[in-house]
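Undergrad: Provided below are the primary sequence and the corresponding predicted coordinates.
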Amino acid sequence: MQLKKTYRIAVSAILFISVILLIIFSYAQYNIRTKNIIDGYLDLSDAVFNNSVYSLDGTWNIVPDSFVDPSLNISKHPDVLPAKVPGYLYQLPSSEAGTVKYGTYELHIALPSPGSYCLKTSLISGACRLYCNGNFIDEIGSIGTSGDTEKSVWQPGIYLLNTDTCNLTITIQVSNFNLHQGGLVKSLYFGTVDNIYFFQSMQTIKSAVIIGIFLGIGIYLLLLTCMNRHRRMGLCLSIFCLGSAFLETLLDENIFFYFFRNLPLIIPMKLQYVIYAILITSIFYFFKYIDPFKKAPAVISIVGILNIIYLILMIFVNSYPVASALGGFGIVILVINILIHLCRIIQAIRVEKKYACLSLVSIVVLFLLSFLQFFAIETGRALRIFPQENLFIVGILFFLLCQINILLADVDDAYLNAKQADAMEIAYLQAQISPHFMFNTLNNVSYLMENDIPKAQELLLRFCDYLRTKYKFDYRNQVEYSLEEELNFLSSYIYIENIRFHNLITLVVNVPDELKSIRIMPLILQPLVENAIKHGFSSKPLTIEISAEESPDHYLFRVKDNGKGMNSMQLLDVTKNRGSGIGIANINYRLGKRCGEALHFESTPSIGTTITFNYAKEA
């Protein structure tokens, strides 16, 4: 079925609008406000919380390698250090920063009034304990001073904080012995209860929309690419979409962790790395199946094997240190794939492959944004130009926008090429006039001119009728013509052949008059009659009977002769289109495409052959 250009435009518009909305949402950030946090102090005494939440990004106080009593003022502690939030423990400005595995964060907030407020946390790796004004609020996992006593989990949360004064102190004890990255590694948000829950809802809606787009496009691609030529390409792109949908649930956290709470950290960490590996692998094989190289260089096969090995290792690893190390190695895999894809696309541009430039732009944007997000996450540096958590998703959407357009256009081109091929087959059939038939007819005209001029004239007129009907059909503008035209065409053909066969061929037409006006494909009966004469004629008279019957949903055609017939082996060859000539094979092909039907043969040696086929009515 042809993909209308409107459908391609619609899919492209959906993706384009999704990218624009995501960028708008990311910059708007639902009225997220920021204020300078200096030395663990945030002044919100003049803050207006109407439809706003405040990001707690800035410089907190931290006491490394100690779980300080939350009732104490950490800023007076002798070992207190400034800690950038979001940031990692290993980035602390200390000569021993690389060995810090646990500690206590603190932030003092001046409020406009006492009351109830909310704190929204995201990823705090690997375990933490939360206090407000020295009062215990919650513990995520189990903090500890060693890997044996710590239980790492990954769990976002929203916490109610009550204060009777205009001052509020947030204390967070964290430990991280299982990952090389630990601490407050993502932003925390503070505001009124209503605003925090509204902020949470808007983030969830944004993620749900993105997930829905990815799932919808993934399923659409699965249904679209059921054709052989595009099955592998579409499957790879579909896997990429479905993987992106699942990855979004992990990156946003609100949806996934709503259903799976208090998971051991190894599970979401592995899932995230596995999905990254799946995305890299699916893109690799997507480009492999549209690779312009007839023979791929060995390095491409090696990279493909490396991607598979990396994916398998990520699936089966069950150790925090190994999983973390492999996750860090993912940047190397990413860079190698970037280089391979760039080489492929540049080669495609050199050989002037269609849409190669668009592929180059899409892959560069995707991997550039992926690298920026990975860099921001690994270094703990916030990218002020754009919210880092959305960079990868924008890259994916842009990549899909380009690649789906390329794939749909390629599918459409394939359909048009197939349609043109069908038309050319009809034109080829039209052009087929057996040289023997032509020479015999002209020789007969020459002979009759000396012996029977009226008959020679009649033969010439019949031959003109034959050629006129054969070439009347314009394959570029008309698909079918009337059954009556085909029967008249056959009448002229039999008359011409009878000159050569001394009137031993009789054509019997048993077609009701009301059926002669139906539209049929051209040249569908003439090749069958021609084969009956060619393979069935012997020295005795040959009768060929053509009949047609109507049923509720189709027409039944029958071409029957009393010729030589066929044995079982000959019948099998004809049924399988072996040695049956271009005409029979072409009729089977065209019947199959239009009606899902084929010619049915019944034959008995010395008795004759009957050919039947159903011709579906137009819907």
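TA: Perfect, thanks for sending it.

Undergrad: Past the helix or strand that contains residue 570, which element shows up next along the chain?
TA: Per DSSP states H and E, residue 570 falls inside helix 568-575. Under the assignment DSSP H and E, the closest C-terminal helix or strand after helix 568-575 is helix 581-595.

Undergrad: Tabulate the CA atom coordinates of the helix holding residue 570 in CSV.
TA: What follows is helix 568-575 as a C-alpha-only set of coordinates in CSV (Å, rounded to 0.1, in the frame of the first residue of the first chain):
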residue,chain,number,x,y,z
SER,A,568,1.7,-35.1,-14.3
MET,A,569,5.3,-33.9,-14.7
GLN,A,570,4.4,-31.3,-17.4
LEU,A,571,1.5,-30.2,-15.3
LEU,A,572,3.8,-29.7,-12.3
ASP,A,573,6.2,-27.6,-14.4
VAL,A,574,3.5,-25.4,-15.6
THR,A,575,2.0,-25.0,-12.1
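
Undergrad: start to end distance for stretch 242-260?
TA: Chord length of stretch 242-260, first to last residue, is 20 Å (CA to CA, to the nearest Å).

Undergrad: if we can go back for a sec, if you average the pLDDT over the helix holding residue 570, what comes out?
TA: Mean per-residue pLDDT for helix 568-575: 79.

Undergrad: Please identify the buried residues of it?
TA: 570, 571, 574 (16 or more other CB atoms under 10 Å). (Glycine included, C-beta is placed from N, CA and C.)

Undergrad: check contacts around the first one.
TA: By CB atoms under 8 Å, 6 or more residues apart in numbering, the residues touching residue 570 are residue 603.

Undergrad: returning to that earlier point: just the buried residues of helix 568-575 now: which is nearest residue 370?
TA: Nearest to residue 370 among these: residue 574, at 58.5 Å, using CB to CB.

Undergrad: what bits of the stretch 151-300 of the chain have low per-residue confidence?
TA: Along the stretch 151-300 of the chain, the model assigns pLDDT under 70 to residues 180-181, 224-230, 253-254, 258, 261-262, 290-296.

Undergrad: So which residues of it form strands?
TA: In the stretch 151-300 of the chain, the strands defined using DSSP state E, counting those that start in this stretch lie at 157-163, 167-175, 183-184, 189-191.

Undergrad: okay if I get those as TSV plus distance to residue 403?
TA: As requested, those are exported to TSV (distance: least, CB to CB, whole Å):
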stretch	distance to residue 403
strand 157-163	37
strand 167-175	41
strand 183-184	37
strand 189-191	35
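
Undergrad: Need the winner for burial among the ones you listed.
TA: Neighbour counts (mean count of other CB atoms under 10 Å) averaged over each of the strands of the stretch 151-300 of the chain peak at strand 183-184, with a mean of 30.

Undergrad: Show me what it packs onto, helices and strands only.
TA: Packing partners of strand 183-184 (3 or more CB pairs under 8 Å, 6 or more residues apart in numbering; DSSP states H and E): strand 81-85, strand 102-110, strand 124-125, strand 167-175.

Undergrad: so which of these gets nearest residue 37?
TA: Comparing those under CB to CB, the one sitting nearest is strand 102-110, at 6.9 Å.

Undergrad: how about the closest one: buried residues?
TA: 102, 103, 104, 105, 106, 107, 108, 109.

Undergrad: of all these, which two lie farthest apart?
TA: Spatial extent of those (CB to CB) is set by the pair 102 and 109 at 23.7 Å.

Undergrad: hang on, the earlier thing: would you turn the buried residues of strand 102-110 into JSON lines with pLDDT?
TA: JSON lines is the format used below for the buried residues of strand 102-110 (pLDDT from 0 to 100):
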{"residue": "102", "pLDDT": "88"}
{"residue": "103", "pLDDT": "90"}
{"residue": "104", "pLDDT": "93"}
{"residue": "105", "pLDDT": "94"}
{"residue": "106", "pLDDT": "94"}
{"residue": "107", "pLDDT": "94"}
{"residue": "108", "pLDDT": "94"}
{"residue": "109", "pLDDT": "94"}
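
Undergrad: quick one: the residue of the chain most remote from its centre from residue 444, how far?
TA: The centre of the chain is farthest from one residue, residue 451, which by CA atoms, centre = their mean lies 73.1 Å away. Applying CB to CB, to the nearest Å, the value for residue 451 to residue 444 is 11 Å.

Undergrad: Is residue 549 within a helix or a strand, and which one?
TA: Using DSSP H and E, residue 549 sits within strand 542-550.

Undergrad: by contact count, what packs against that strand?
TA: If contacts are counted by 3+ CB pairs under 8 Å, 6+ apart, strand 542-550 sits against helix 483-501, strand 505-510, helix 526-536, strand 554-561.

Undergrad: and for it, what are the contacting residues?
TA: 483, 487, 490, 494, 501, 504-512, 515, 525, 529, 532-533, 536, 555-563.

Undergrad: Any buried residues in it, and which?
TA: 542, 543, 544, 545, 546, 547, 548.

Undergrad: Repeat that for stretch 71-85.
TA: In stretch 71-85, counting by 16+ other CB under 10 Å, buried: 74, 77, 80, 81, 83, 84, 85.

Undergrad: what about that stretch, how long is it end to end?
TA: Start to finish, the residues bounding stretch 71-85 are 22 Å apart (CA to CA).

Undergrad: that older thread, as TSV, the helices and strands packed on strand 542-550 with distance to residue 166, mean pLDDT and mean neighbour count would be great.
TA: Shown next, in TSV, are these (distance: least, CB to CB, whole Å; pLDDT from 0 to 100; neighbours: other CB atoms under 10 Å):
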stretch	distance to residue 166	mean pLDDT	mean neighbour count
helix 483-501	94	86	18
strand 505-510	103	93	15
helix 526-536	96	86	20
strand 554-561	86	93	19
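
Undergrad: closest to residue 599 out of those?
TA: Among those, helix 526-536 comes nearest to residue 599, with 7.8 Å by CB to CB.

Undergrad: which ones are touching residue 173?
TA: Contacts of residue 173 (CB under 8 Å, 6+ apart): 67, 68, 70, 102, 103, 104, 105, 128, 129, 131, 143.

Undergrad: Let's see that with 6 Å instead.
TA: 67, 104, 129, 143 (CB atoms under 6 Å, 6 or more residues apart in numbering).

Undergrad: before we move on, the earlier item: out of the buried residues of strand 542-550, the closest to residue 176 would be?
TA: The closest of these, once distances to residue 176 are taken by CB to CB, is residue 548, at 82.7 Å.

Undergrad: Return the distance of that closest one relative to residue 524.
TA: Residue 548 is 12 Å from residue 524, by CB to CB.

Undergrad: Tell me which of the helices and strands packed on strand 183-184 sits nearest to residue 282.
TA: With CB to CB, the closest approach to residue 282 among the helices and strands packed on strand 183-184 belongs to strand 124-125: 27.9 Å.
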